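Enquirer: Sequence and predicted structure below; questions after.
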Amino acid sequence: MLRAAQVGLPVLLVVLAAALGACGSDEVPVPKLAAIPTRTPVPATSTPETGQPSVAVEVISLRDEIDAFLTASETASAVDRIDLFNEHVIQPAGECLSGAFYPGVQPLEMLGFNLTSIPMEGWREATDSFPEKELVASVNDTLAAAVALLPAEHPITVCLMPVPLFGPPEDIVNSGVGVQALAGDHLVLTCSAGSICLERVGPEVAHAYSMAYQIDRAGLTAFEMPLLAYVVAYGRGEDFARQLMPETTFRWDGALTPEQEIDLWTRMQEYLETTYQDYPGYRNMDPFLYGEPNSDRYPRFGGQYIGSRIVRAYRLQHPDISAAELATLPPKTLLADSGYSPG
């Protein structure tokens, strides 16, 4: 089984692995929900055409669970943190950290946490400054607009969780907030920088909602999606977010020079149908999608940048296509009809 970092979890890792979505598994089933976590209901959204509720949205905050874990850890050894995290977070709220898109991936792998070395003081600061009410309001507002433009067929669950800050909050690569689609009806939002998180909640939620919509329609797991599908999915997510918030920015804006784009796209051709379960081709997935630090061969966010360029080229050719139609086009069809030319 591949590690979570190898199946598109960088956003959930607060972009530590430079992606979104970035970061094997021991195949241990994720614990089922044993107790009701802190829940903040969000009213059902409505479509302007019918005025009737189109989908219910529920927000689940794990702030109290994380607070209980951190309190219990104050007098425990580092090696006991895994058991304490299981007791205070995974057992009461395990469904928040699992999803059909990542079958078999355990919660701690999903988060990319090494609990024996994680910065506990930073985690406490992030938890104490966690802007729960403001995050709920922002998620509610964003999803109301998102579902009106791209109607969902299932109720949507969004789980909120404070996590440690892994880098400076002023770094655009680590804006302090990450949102990841774990299934077609399930998002998880992590916040590590207090109120700074609020600056990025809207576009990140919109992008992740688009990803969830695409996941639901494609019916593939993270291990089964080919490289081209990931590239196009990120581009469609950006396109959708910009429809809601035209002035928004993304980490991959301007990531490649024309020469880098041509080089990377040329080398990607051999692997466009590769998946994370293809050996040994899967080793190329993360470098192509998210890049590697200080690498000329694999620039940061290269695949995501190319995805945005492909989808922009397609929209120029088909300006009247609806969000739903664009989200469900087969990746090969979208690419072929885009007229995309690197550089």
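Expert: Looks like it arrived, so ask away.

Enquirer: any idea where the strands of the protein begin and end?
Expert: 38-46, 53-61, 156-162, 177-183, 186-191 (DSSP state E).

Enquirer: Using a markdown table, lay out those strands together with mean pLDDT, distance to Asp278 and mean neighbour count.
Expert: Where C-beta positions appear, they are placed from N, C-alpha and C, glycine not excepted. Formatted as a markdown table, these follow (pLDDT from 0 to 100; distance: least, C-beta to C-beta, whole Å; neighbours: other C-beta atoms under 10 Å):
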| stretch | mean pLDDT | distance to Asp278 | mean neighbour count |
| --- | --- | --- | --- |
| strand 38-46 | 43 | 39 | 15 |
| strand 53-61 | 83 | 35 | 19 |
| strand 156-162 | 97 | 31 | 25 |
| strand 177-183 | 94 | 22 | 26 |
| strand 186-191 | 96 | 26 | 26 |
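
Enquirer: Looking at the ones you listed, spot the one closest to Leu135.
Expert: strand 156-162 (5.5 Å; C-beta to C-beta).

Enquirer: how much distance is there from that closest one to the middle of the chain?
Expert: 12 Å (C-alpha atoms, centre = their mean, to the nearest Å).

Enquirer: Equivalent analysis for stretch 275-293, please.
Expert: 17 Å.

Enquirer: looking only at pLDDT, what's the mean for that stretch?
Expert: For stretch 275-293, the mean pLDDT works out to 94.

Enquirer: related to what we said a few turns ago, minimum distance to Met245: which of the strands of the chain has it?
Expert: It is, among the strands of the chain and with distance given as C-beta to C-beta, strand 177-183, at 13.9 Å.

Enquirer: can you state the direction angle for the closest one and strand 156-162?
Expert: Counting by axes from the mean of the first three to the mean of the last three C-alpha atoms, to 10 degrees, strand 177-183 lies at 140 degrees to strand 156-162.

Enquirer: related to what we said a few turns ago, let me have the strands of the chain in JSON lines, adding distance to Leu316 as columns.
Expert: Output for the strands of the chain, formatted as JSON lines (distance: least, C-beta to C-beta, whole Å):
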{"stretch": "strand 38-46", "distance to Leu316": "30"}
{"stretch": "strand 53-61", "distance to Leu316": "30"}
{"stretch": "strand 156-162", "distance to Leu316": "31"}
{"stretch": "strand 177-183", "distance to Leu316": "27"}
{"stretch": "strand 186-191", "distance to Leu316": "30"}
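
Enquirer: of those strands, which approaches Tyr340 most closely?
Expert: Closest to Tyr340 of those is strand 177-183 (C-beta to C-beta; 24.5 Å).

Enquirer: by contact count, what packs against the closest one?
Expert: Here strand 177-183 touches strand 186-191, helix 201-218, going by 3 or more C-beta pairs under 8 Å, 6 or more residues apart in numbering; DSSP states H and E.

Enquirer: can you count the residues close to the closest residue to Arg300 other than its chain neighbours?
Expert: Nearest residue to Arg300, sequence neighbours excluded (C-beta to C-beta, 6 or more residues apart in numbering): Gly291, at 3.9 Å. Using other C-beta atoms under 10 Å, the number of residues around Gly291 comes to 25.

Enquirer: For Glu270, see how far away the residue nearest to the spatial centre of the chain is.
Expert: By C-alpha atoms, centre = their mean, the mean C-alpha position of the chain lies nearest to Gln180, the distance being 2.3 Å. From Gln180 over to Glu270 the distance is 28 Å, taken as C-beta to C-beta, to the nearest Å.

Enquirer: Kindly report the same for Asp128.
Expert: From Asp128 to Glu270 the distance is 49 Å (C-beta to C-beta).

Enquirer: for Val139, same thing?
Expert: 40 Å.
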